[in-house]
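[1] 3D model of this:
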Amino acid sequence: MFAQIKHITMSLSQSYLAELEHEFASSKRILERVPFNDPAYKPHEKSMSMERLARHVAELWGWAAVTINQDQLDFSVNYIPTPEVHNTEELLALHEKMYQQAKAAFSGASDEEYGKMWTLRNGEHVIFTLPKGVVLRTMVFNHIIHHRGQLSVYLRLNDVAVPGLYGPSADEK
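    Predicted structure coming up:
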């Protein structure tokens, strides 16, 4: 039986870190399987290439650090695109680097930090301004989960076994 838990007090950072650990591991299981024999593969002309989508899943953890450590991101000034990756080792190294940045940022943030406003802009054009906690939930965690789901479809269409993420997959019963 499960032990009874009477009360747990967690900071927001502790909660985010626990989720980060789970989602990082799930993303890693997907990224380990991305084939690089056809990195330009797209299931549709409007889709991202397999390499670009995999790189995006890997790089998005870096947005956590940007969100926590800055008050805004201005694409016209300080957005540096990630380098291309050419193999699984480079992809996983990028994923690990971004994860370490996110982990450090979450570890150093106070609960109050998540309530501060954060702005995404492109020069004078403000795309949105939201509390940092909302940005982390929507533009980091949910964004990664969304693209990871897309990537799992790419794998399926290329006859690559899809790993279980929240339980077993059809390939891993």
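[2] Now do the helix-or-strand element of the chain with minimal mean pLDDT: which elements does it pack against?
    None of the helices or strands of the chain scores lower by mean pLDDT, DSSP states H and E than helix 75-78, at a mean of 88. Packing contacts for helix 75-78, counted by 3 or more C-beta pairs under 8 Å, 6 or more residues apart in numbering; DSSP states H and E, involve strand 117-122. All C-beta atoms are positioned from the backbone trio N, CA, C, and that covers glycine.
[3] List the buried residues in the strand it packs on.
    By neighbour count on 16 or more other C-beta atoms under 10 Å, the buried set for strand 117-122 is W118, L120, R121.
[4] Quick one: the residues you listed as JSON lines, columns for pLDDT too.
    Formatted as JSON lines, the entries for these read as follows, by pLDDT from 0 to 100:
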{"residue": "W118", "pLDDT": "98"}
{"residue": "L120", "pLDDT": "96"}
{"residue": "R121", "pLDDT": "95"}
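[5] Pick the one among these closest to P43.
    Among the buried residues of strand 117-122, L120 lies closest to P43 (C-beta to C-beta), at 28.1 Å.
[6] what separates the closest residue to P83 other than its chain neighbours from E59, distance-wise?
    Nearest-residue entry for P83: L94, 7.8 Å, with adjacent residues in sequence omitted and distances by C-beta to C-beta, 6 or more residues apart in numbering. With the distance defined as C-beta to C-beta, to the nearest Å, L94 ends up 6 Å from E59.
[7] Cool, thanks, talk later.
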